[in-house]
Structures are given as C-alpha cells and as structure tokens.
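Undergrad: Pasting the sequence and the predicted coordinates here, then a few questions.
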Amino acid sequence: MARSSRLHRTGLSLNQFTRPVATSETGERSPLATEVAVAAGVFVAMCVVVLMRSPQLLEPDDYAYRASIIALSQGHLLLTNTQYFALKAQLSAHGGPGIEQWVHLSSGKWISQKNPGYPFFGVIFQWLHSLRAIPLFYGAFGCAGLFFGARTWLGRWGGFYVVALYCFSGAALLFAWRATMSTFTDASLIAGGTGLLLGVLLRRDDPPSRRFMLGVLAFLALDCAVFIRYTDVVVLGVAVVVVVCFARVSGVSWRMIAGWCGVVAAFGVFDLVINHLLYGGVFTTGYRSGIVTFGVSAIAPNLERMPSRLVDGVPMTILAVVAVLWIAIRVVSHRGVGPTAQGTERRDALVALALAVGWFALWGLYSAYTWTVGQTLGPGNPLHVVRFYVPVLGLIALLGAWFLTRLPKWPATALIALIMGLALWSYVTPANDIIVGRPPTARFSQSGSATASSVANLPGPSPMGEIHSVEPPMN
C-alpha cells in the first residue's frame with residue numbers, strides 16, 4: 001500500500017506501464033499477425049534492395065575486417081609473418097590492397113587494428129560462404145526487438161512503423177550493403193537490445209522469469225555491440241542507469257537488476273581479458289596513440305557540417321526531434337484530459353527521455369571526434385562518414401515511430417513512403433559511393449577480370465566475390 005501511494009503521488013500508476021491494448025478507432029483489435037507480416041515484408045524488401053546490388057570494398061576498413069574474418073575462419077586471431085603475407089597475397093591476387101589497417105605487434109604477430117569483436121559475429125557466415133548475410137541476419141534481430149518494444153509502447157502499428165523507419169534510410173541500406181563493415185551489425189544489436197529492454201520495462205504483467213530472461217538477452221545484445229565498437233559503451237551505460245532509475249515504476253525487482261548488471265560486468269571483464277591477450281593491455285587497442293582522438297576543437301566544425309549529412313542519411317532524425325519536442329510540450333502544458341491521459345503523457349516522457357539520452361550521448365561523443373572534421377572537407381564521403389552515428393539508429397526509429405502513431409493513417413503512410421523513397425534515392429546515388437583520399441583499388445568485371453580503377457568510381461562487383469575460395473596456408 002505504501003508503494004502504491006508513492007506511485008500515485010508521483011502521478012504514475014501501475015497500469016500505466018502495462019502494454020497498451022492495440023485497438024482501432026472502431027474498437028476492434030488490430031490483428032498481430034497482420035502487423036508482423038507487414039513488418040516482415042518491409043525487412044524482406046530491404047534485403048532484396050541490398051542484395052540486388054553488387055558488393056564493393058570502399059575503404060581500408062572493409063579490407064581490414066574481411067581479412068580478420070577469413071583468418072578467424074581458419075582458427076587464428078593473430079597471424080605470423082608467413083601467414084599474414086600469404087593471406088595478403090591471396091586477397092590481392094586480382095588487384096586491390098588485399099589487407100589494410102593491420103598492425104605488427106611487438107611479439108612479431110599481425111592483427112587488425114579494429115576492435116576484435118566483429119569477426120566473431122561474421123565467421124560463421126564465412127564458413128557458409130555468405131558474408132553478405134552478416135548485416136541482414138543481425139538486422140533481423142534488430143527489427144524483431146524493435147517491433148516487440150514499439151508495439152508494447154505504442155500499440156497498433158507501432159511495430160510496423162519502427163521497422164520501416166529502421167530498415168529504410170540511406171545509411172541503413174548503405175551499411176547493410178557493405179557486409180564486411182561492422183556498422184549495421186552493431187547498430188542492429190543495439191536496436192534489438194533497446195527494443196527488448198523497452199518491452200520488458202513496460203510489460204509489468206509478464207511472468208518475472210520471462211522478463212528476466214528477455215532482459216538478459218537485451219543486455220547481452222548491448223554487450224555484443226560494445227565488443228564490436230567500444231564507444232557503444234555509452235549506450236550500454238545509459239541502459240543500466242535507466243533500468244536502475246525506473247526500477248520502481250516498471251516493477252522490476254532488485255534481484256533482476258543484480259542479475260542484469262552481473263551479465264554486463266561479466267561481459268566487461270571478458271572484453272578486458274581479450275584486449276590483454278591480443279594487445280598486451282586491458283585498455284590497449286590496435287590503434288596507435290593519436291589515431292583516434294576527441295577534442296573540444298572538433299565540436300564546432302562537426303556541428304556545422306554533420307547535420308546536413310545526418311539528415312540526408314537518416315531523414316527520420318527530423319521525425320525523432322519533432323517527437324521529443326512534442327512530448328516535452330505535452331508534459332509541460334498538461335494537455336491531457338483526466339489522470340489517465342496525463343499518466344500516458346508521463347509514460348511517453350520517461351521513455352522518450354531514456355531514448356533521447358542514449359541517442360544524444362553517442363552523438364555528443366562523436367561531435368568531438370577529430371577524424372570526421374577532415375573527412376567532411378570538400379567533395380566525397382557524403383553518407384559513409386556518418387557511420388559513427390549509425391549505432392543509435394534504432395533509438396531514433398522508436399522516437400520517429402511515436403510521432404507517426406500520433407498522425408492519422410494516411411499522412412503517416414505518406415511519410416513512410418516519402419522516407420523509403422529518400423532512402424532508395426540515397427542508396428543508388430553514385431555520389432554517395434565516392435570515398436576521397438583512398439589508394440587505388442581494383443574493379444572487377446562480371447567475368448572476374450580485374451581492371452585498375454579508383455574507389456572514387458561508381459560501384460561495381462567487388463573482390464568480395466573471390467574470398468569464398470580463399471584457403472591461406474596457416475602454418
């Protein structure tokens with residue numbers, strides 16, 4: 001009784017955090033199967049769009065990750081000189097650099113300077129000769145988690161809206177196409193984990209064991225994203241803080257929180273041990289000092305140049321910003337009629353606050369990233385440079401979906417169609433495949449012959465088509 005009284009005084013009642021009943025304006029339930037089928041259709045459409053286009057390795061990062069995946073498929077995280085040069089020779093046999101951005105350790109071994117996580121998530125697809133399925137597989141997980149969370153929070157058609165927004169942006173399509181880049185994979189792990197955690201916190205009536213296990217899965221997904229890209233730890237940190245702060249109103253027991261935090265801590269120790277084994281120090285990475293830098297001096301130029309690229313690559317950002325402002329205005333002005341409506345506004349405000357903090361935490365961090373300052377000077381790199389901002393795509397999609405559920409059906413449908421059209425336009429625009437300041441690579445004809453070209457040329461079939469048969473000698 002004391003607990004219920006405290007919640008009542010704060011304006012939050014228990015039933016405000018149960019999942020909303022998905023009903024239409026006529027009072028009829030919206031069939032879940034229909035929503036799932038439509039959302040699944042959107043995801044399949046994204047896969048078709050991505051796979052219809054021949055792959056190409058555009059940057060040194062693509063080559064670095066590809067070599068790591070192939071080496072791991074042969075059972076190696078580190079390569080000897082013999083192994084490294086044998087693999088490099090095989091991967092460059094038809095032109096191109098073969099391997100880039102690997103470092104020679106003091107032990108004499110070679111390893112990619114990239115975070116070591118992504119090859120573990122891609123190696124099974126190398127064994128299956130289907131590297132292009134890596135981002136799509138994890139994209140399916142991201143869409144499933146987002147659907148679960150959005151339908152719990154937003155009700156009718158919320159799941160469809162969030163999947164459509166997540167799958168169809170220029171940035172999502174481009175990085176789902178670049179299979180040996182980790183960008184869309186860690187974004188999908190964050191999206192799936194966020195959606196699952198949102199659903200767990202809102203579904204108070206679910207059995208505690210189910211909530212706990214789904215929470216474990218959510219935090220494991222967020223942990224895996226950090227394993228792929230260490231800066232994703234800011235999103236993981238926000239998730240932990242949100243769970244602790246919202247434990248009372250969401251009906252989550254401290255035993256559940258302790259279990260989830262234990263998962264996070266165990267995975268964190270695993271990350272540090274891997275770093276120590278591979279690079280010789282728990283906080284050491286493959287990057288030399290001064291390669292990855294953040295500074296206050298980078299904030300102003302990034303704020304000047306990045307917004308246009310972000311809106312171009314992720315146009316739903318506009319919907320998400322409007323959603324945050326709309327929710328804030330509703331709470332401040334108390335436009336809700338009656339305590340139930342006001343309680344819904346407060347619930348939306350808490351969810352939006354959590355999503356916005358995670359979103360702005362990562363974007364705020366990369367606003368101080370010095371590398372993007374140089375990459376945004378002059379022509380080229382119009383969309384690919386936004387990859388550091390892509391990991392929170394799912395959070396932005398959830399806020400954008402909230403906005404769409406507040407609109408009548410036809411305007412919301414028209415906006416979805418417009419956003420999907422803009423995504424396709426960005427995806428096929430040749431200028432979005434211009435990478436400036438890179439060494440020449442090879443371009444391959446359908447017959448497999450190599451011709452010299454620059455990566456600034458239009459996309460064509462990539463050396464990715466040759467790697468399935470690579471079996472470098474691992475002595």
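TA: Everything's here; your move. Residues are numbered from 1 along each chain as shown.

Undergrad: pull the longest helix from the protein.
TA: helix 338-366 (DSSP state H).

Undergrad: and the chain, what are its domains?
TA: 2-19+29-52+131-433, 60-114+440-469 (automatic domain parsing).

Undergrad: export the ones you listed to JSON lines and tack on mean neighbour count and distance to residue 120?
TA: For the C-beta atoms, the positions are set from N, CA and C on the backbone; glycine is no exception. JSON lines is the format used below for the domains of the chain (neighbours: other CB atoms under 10 Å; distance: least, CB to CB, whole Å):
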{"stretch": "domain 2-19+29-52+131-433", "mean neighbour count": "19", "distance to residue 120": "8"}
{"stretch": "domain 60-114+440-469", "mean neighbour count": "18", "distance to residue 120": "7"}
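
Undergrad: now those domains as JSON lines including distance to residue 124 and mean pLDDT?
TA: Formatted as JSON lines, the domains of the chain follow (distance: least, CB to CB, whole Å; pLDDT from 0 to 100):
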{"stretch": "domain 2-19+29-52+131-433", "distance to residue 124": "9", "mean pLDDT": "88"}
{"stretch": "domain 60-114+440-469", "distance to residue 124": "9", "mean pLDDT": "70"}
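
Undergrad: would JSON lines of those domains with distance to residue 122 be doable?
TA: Shown next, in JSON lines, are those (distance: least, CB to CB, whole Å):
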{"stretch": "domain 2-19+29-52+131-433", "distance to residue 122": "5"}
{"stretch": "domain 60-114+440-469", "distance to residue 122": "5"}
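
Undergrad: name the helices or strands packed onto the helix or strand just after the longest helix of the chain?
TA: Sequence order places helix 371-375 as the next helix or strand after helix 338-366, per DSSP states H and E. The contact analysis (3 or more CB pairs under 8 Å, 6 or more residues apart in numbering; DSSP states H and E) places helix 371-375 against helix 299-313.

Undergrad: How much space separates residue 269 from residue 227?
TA: To residue 227, residue 269 is 12 Å away according to CB to CB, to the nearest Å.

Undergrad: do the same with residue 314
TA: From residue 314 to residue 227 the distance is 24 Å (CB to CB).

Undergrad: what does residue 49 give?
TA: Taken as CB to CB, the span from residue 49 to residue 227 is 28 Å.

Undergrad: for residue 370, same thing?
TA: 25 Å.

Undergrad: Run through the residues that contact residue 387.
TA: By CB atoms under 8 Å, 6 or more residues apart in numbering, residue 387 lies in contact with 171, 175, 181, 183.

Undergrad: List the contacts of the one residue sitting closest to the centre of the chain.
TA: The centre of the chain sits closest to residue 187, judged by CA atoms, centre = their mean, with a distance of 0.8 Å. Taking CB under 8 Å, 6+ apart, we find residue 187 in contact with 142, 172, 175, 225, 390, 391, 392, 393, 394.

Undergrad: OK, contacts around the nearest residue to residue 106 once chain neighbours are set aside?
TA: If the residues on either side of it in the chain are set aside, residue 106 comes closest to residue 280, at 7.4 Å by CB to CB, 6 or more residues apart in numbering. By CB under 8 Å, 6+ apart, the contact set of residue 280 is 105, 106, 107.

Undergrad: And for residue 238?
TA: 354, 357, 358, 361.

Undergrad: And residue 178, by the same measure?
TA: Residues near residue 178 by CB under 8 Å, 6+ apart: 55, 58, 62, 135, 184.

Undergrad: and it, backbone torsions?
TA: Backbone torsions for residue 178, taken as degrees, to the nearest 10, come to phi -80, psi 80.

Undergrad: Repeat that for the one 5 residues further on.
TA: Residue 183 has phi and psi values of phi -60, psi -50 when expressed as degrees, to the nearest 10.

Undergrad: Residue 207 now?
TA: Main-chain torsions, residue 207, degrees, to the nearest 10: phi -60, psi 140.

Undergrad: Just want to check the distance between it and residue 213.
TA: 10 Å.

Undergrad: related to what we said a few turns ago, just so I know, which of the domains of the chain lies nearest residue 121?
TA: domain 2-19+29-52+131-433 (6.1 Å; CB to CB).

Undergrad: all strands of the chain, in order?
TA: Taking DSSP state E, the strands of the chain run over residues 102-104, 110-112, 441-444, 450-453.

Undergrad: Report the contact partners of the closest residue to residue 355 other than its chain neighbours.
TA: Nearest residue to residue 355 in three dimensions, chain neighbours excluded: residue 395, at 4.7 Å (CB to CB, 6+ apart). Going by CB under 8 Å, 6+ apart, residue 395 touches 190, 191, 194, 235, 355, 356, 358, 359.

Undergrad: among these, which two are most distant?
TA: Maximum distance among these (CB to CB): 15.6 Å, for 191 and 356.

Undergrad: re the thing from before, from the contacts of residue 238, which is closest to residue 345?
TA: For the contacts of residue 238, the nearest to residue 345 is residue 354 (15.2 Å; CB to CB).

Undergrad: What distance do you get for the nearest residue to the closest one once chain neighbours are set aside to residue 417?
TA: Computed as CB to CB, 6+ apart, the closest residue to residue 354 that is not its neighbour in sequence is residue 242, at 4.5 Å. Distance of residue 242 to residue 417, given as CB to CB: 33 Å.

Undergrad: residues contacting residue 309?
TA: Taking CB under 8 Å, 6+ apart, one finds 376, 382, 383, 385, 386 in contact with residue 309.

Undergrad: Ignoring the adjacent residues along the chain, who's closest to the first one?
TA: I take that to be residue 376. Leaving aside its chain neighbours, residue 376 sits nearest to residue 305 (4.1 Å; criterion: CB to CB, 6+ apart).

Undergrad: Would you agree the one you found is in contact with residue 367?
TA: No - between residue 305 and residue 367 there is no contact under CB atoms under 8 Å: 10.8 Å.
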